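Colleague: how would this look folded up:
(2 chains)
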Amino acid sequence: MDRKTDIKKELENLSSVLLSFKEKDTTPLATEGYFDGLADQIIDTIQHQEFQKTKEGVLSFDIFHHPKLIPYLSRLSVAATLAGIIILGVLGYKDTIHENICHDGIACLTQDEIYQYVHANSNAFEVEEIQEGMKIFLENDNTSMGIQTIEVIKYIDQNKNMLDTEDAATDIF
Amino acid sequence: MQFNDSDILALFRTGNAANKEQAFRQLLSNYQQRLYYHVRRYVSNHDDANDILQNTFIKIWKNLEKFRSDSSLYTWLYRIAGNEAITYLQKTRKLQAQELTESTMNHLIASDSIDTEETLKRFRVAVEDLPAKQKQVFILRYYDELTYEEIAQITDTSIGALKASYHHAVKKIEEKLTA
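Modeller: Alright, predicted model coming up:
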């Protein structure tokens, strides 16, 4: 007995209703041309998956697969940038920093120290006493540190832009 | 040139990429229609069958090298396709059963007389409603006309259990049709 007959006979014994359906029932057909492109479609999918797998294997140390590296590198780059800015800033302004000349003993004091001193001793002297005390320095040509008017004008002219920029930077309100 | 199963396996096992692709193309050519219509009986529409079939062939590609020829190639392919279909049905079972039953039954109620086409629809719904394993046995026997020995290889079940399962499935469908 062949396979088909065997199955048919078995079904006949189990249910004559189902046997009648077997002759009538047809599975819905696939859309036209579906099988023509199916093999290529499946092979493309497989090749794509294999490629992704290989790529992942090769780039196993890709930073995108090590998310912790990204914040670390970001922080590192920020730190390096800041360090660079500081170094460039220092080098850029190095030439503009002049060493204080402490011959007269005043130039070595900071503005803060002068302010604190004056504030602490504001009642210590009368105006006349101060003027008297300063007279020697005011009258002495050396106290002008030998800066000529022409040099002052030249300096202001050269640094005009810097002053403007600083004014603009603080002009935030 | 038509390759048989053992030719396909031999070519695939050479390890050469071009040979592997050629062998797989041949396997697709030999089995794509049979497996499509097999999985098409588990699900009610083409798109679902297409998804199942694609997953089936991807699994076949990945595992073909490990196939040890303990069973015949085509029973192994049916096994993968059946498992894929069952997994798919388990994921979408509730939704699908509801859609099928509602749409088909509404249509049946609306018609005054149940003609052959309607009865066939009813029959398909009854098959859809079978439990997954019972449905697999029914499809393999009733539609694919496999022997119990082949079905036993595919489902890893004893022949006695398969016969009982098929018997129950037939009776359930008959009951639904005659109710």
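
Colleague: name the residues of chain A found near chain B, please.
Modeller: A:3-4, A:6-7, A:11, A:14-15, A:17-18, A:21-22, A:24-25, A:27-28, A:30-31, A:34-35, A:38-39, A:41-43, A:45-46, A:49 (Cβ under 8 Å from any Cβ of the partner chain). Bear in mind the C-beta positions are built from the backbone N, C-alpha and C, glycine included.

Colleague: just the buried subset of those, please.
Modeller: Buried by 16 or more other Cβ atoms under 10 Å in any protein chain shown: A:7, A:11, A:14-15, A:17-18, A:21, A:25, A:30, A:34, A:38-39, A:42-43, A:46, out of the residues of chain A next to chain B.

Colleague: can you give me the domain boundaries for chain A?
Modeller: A:69-94, A:111-168 (automatic domain parsing).

Colleague: ranking these by mean pLDDT, which is last?
Modeller: With a mean of 70, domain A:111-168 has the lowest mean pLDDT of the domains of chain A.

Colleague: and stretch B:15-22, does that touch chain A?
Modeller: Yes: applying Cβ under 8 Å from any Cβ, one finds stretch B:15-22 touching chain A at residue B:21.

Colleague: for the record, mean pLDDT for that stretch?
Modeller: For stretch B:15-22, mean pLDDT rounds to 90.

Colleague: tabulate the CA atom coordinates of that stretch in PDB.
Modeller: Output in PDB follows, covering the C-alpha atoms of stretch B:15-22 (Å, rounded to 0.1, in the frame of the first residue of the first chain):
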ATOM      1  CA  GLY B  15      33.900  24.900   3.700                       C
ATOM      2  CA  ASN B  16      34.600  27.000   0.600                       C
ATOM      3  CA  ALA B  17      32.300  30.100   0.800                       C
ATOM      4  CA  ALA B  18      31.300  29.900  -2.900                       C
ATOM      5  CA  ASN B  19      30.500  26.200  -2.600                       C
ATOM      6  CA  LYS B  20      28.500  26.800   0.600                       C
ATOM      7  CA  GLU B  21      26.400  29.500  -1.100                       C
ATOM      8  CA  GLN B  22      25.800  27.300  -4.200                       C
END
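
Colleague: so which residues of chain B form helices?
Modeller: For chain B, the helices defined by DSSP state H cover B:5-12, B:17-40, B:46-63, B:73-110, B:116-128, B:132-138, B:148-155, B:159-178.

Colleague: worst average pLDDT in the ones you listed?
Modeller: With a mean of 71, helix B:73-110 has the lowest mean pLDDT of those.

Colleague: tell me how far residue B:39 lies from residue B:54.
Modeller: 10 Å (Cβ to Cβ, to the nearest Å).

Colleague: hmm, who's touching stretch B:58-68?
Modeller: For stretch B:58-68, the external contacting residues (Cβ atoms under 8 Å, 6 or more residues apart in numbering or on different chains) are A:42, A:45-46, A:49, B:9, B:12-13, B:24, B:27, B:73, B:76-77, B:80, B:84.

Colleague: and residue A:90, which of the helices of chain B is closest to it?
Modeller: helix B:17-40 (60.4 Å; Cβ to Cβ).

Colleague: buried residues in the closest one?
Modeller: Neighbour-count burial for helix B:17-40 [16+ other Cβ under 10 Å]: B:20-28, B:30-32, B:35-40.

Colleague: got the residues of chain B near chain A?
Modeller: Going by Cβ under 8 Å from any Cβ, the residues of chain B near chain A are B:21, B:24-25, B:28-29, B:32-33, B:36-37, B:40-41, B:46, B:49-50, B:53-54, B:57-58, B:61, B:116, B:120, B:123-124, B:141-143, B:145, B:147, B:166-167, B:170-171, B:173-174, B:177-178.
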